[in-house]
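> Structure of the sequence below:
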Amino acid sequence: MNRLSIFVDGNNMFYAQQKNGWFFDPKRVLEYFVGEPDVELVNAFWYTGLKDPQDQRGFRDALISLGYTVRTKILKEYYDDTSGRYSQKANLDIEIVVDMFNTVDQYDRVILFSGDGDFERAIEFLRCKSTHITVVSTEGMIARELRNATDRYIDLNGIREHIEKADY
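Purely as a prediction, here's the structure:
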């Protein structure tokens with residue numbers, strides 16, 4: 001039995017999906033990766049930044065009902081001297097890594113939805129623990145360091161037909 005944990009860097013994936021011009025369905029993601037008979041889903045985590053505590057309430061509730069553990073952080077505003085504009089960011093990398101490390105004894109395989117190179121060292125640590133790591137991202141948005149550290153890379157566009165959100 002392969003024990004699987006899924007970690008979705010929601011903000012990173014929002015921009016990847018926006019770049020690709022289509023969005024994935026969180027339910028179909030679970031179905032796709034747990035579709036094999038010898039796979040047991042141990043954990044599914046979703047991380048996202050919020051404008052305020054009520055932001056994305058319906059979406060977060062839907063994720064929880066699907067079985068995801070949802071971690072949030074309020075967006076912080078930053079001023080960019082170069083562009084002269086303000087931007088918002090909620091960096092949840094630490095929360096993702098802490099959850100990966102705190103649950104490392106529960107799984108054999110990890111699916112990480114992110115292209116962020118900051119995860120390189122965490123992935124190397126997990127691989128030393130004989131964990132198989134798959135990173136899901138999209139071309140042009142995956143850091144070379146992350147792609148190099150992982151066991152397997154899946155481009156979102158390569159699994160689009162299995163995970164795309166249907167228009168209802």
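
> ok, how many other residues are close to the residue nearest to Lys129 when sequence neighbours are not counted?
Using C-beta to C-beta, 6 or more residues apart in numbering and skipping residues adjacent in sequence, the residue nearest Lys129 is Val104, 5.9 Å away. (Glycine included, C-beta is placed from N, CA and C.) Neighbour count of Val104, defined by other C-beta atoms under 10 Å: 14.

> OK, contacts around Val104?
126, 129, 131 (C-beta atoms under 8 Å, 6 or more residues apart in numbering).

> quick one: which of these has the most company?
Going through the contacts of Val104 with other C-beta under 10 Å as the criterion, the one with the most neighbours is Leu126, at 24 neighbours.

> list the contacts for it?
In this structure, Leu126 makes contact with 100, 104, 110, 133, judged by C-beta under 8 Å, 6+ apart.

> which residues does the third one bridge with?
Meaning Val110. With DSSP bridges applied, the residues forming beta bridges to Val110 are Ser5, Ile133.

> How confident is the prediction for the residue nearest the centre of the chain, by pLDDT?
Nearest residue to the geometric centre of the chain (C-alpha atoms, centre = their mean): Val8, 1.8 Å. Here the pLDDT value assigned to Val8 is 98.

> residue contacts, it?
Going by C-beta under 8 Å, 6+ apart, Val8 touches 26, 29, 44-47, 68, 113-114.

> Let me know the secondary structure of the nearest residue to Leu75 once chain neighbours are set aside.
Counting by C-beta to C-beta, 6+ apart, the nearest residue to Leu75 once its immediate chain neighbours are dropped is Gln88, at 4.1 Å. For Gln88, the reduced secondary structure class is strand; criterion used: DSSP: H, G, I helix; E, B strand; the rest coil.
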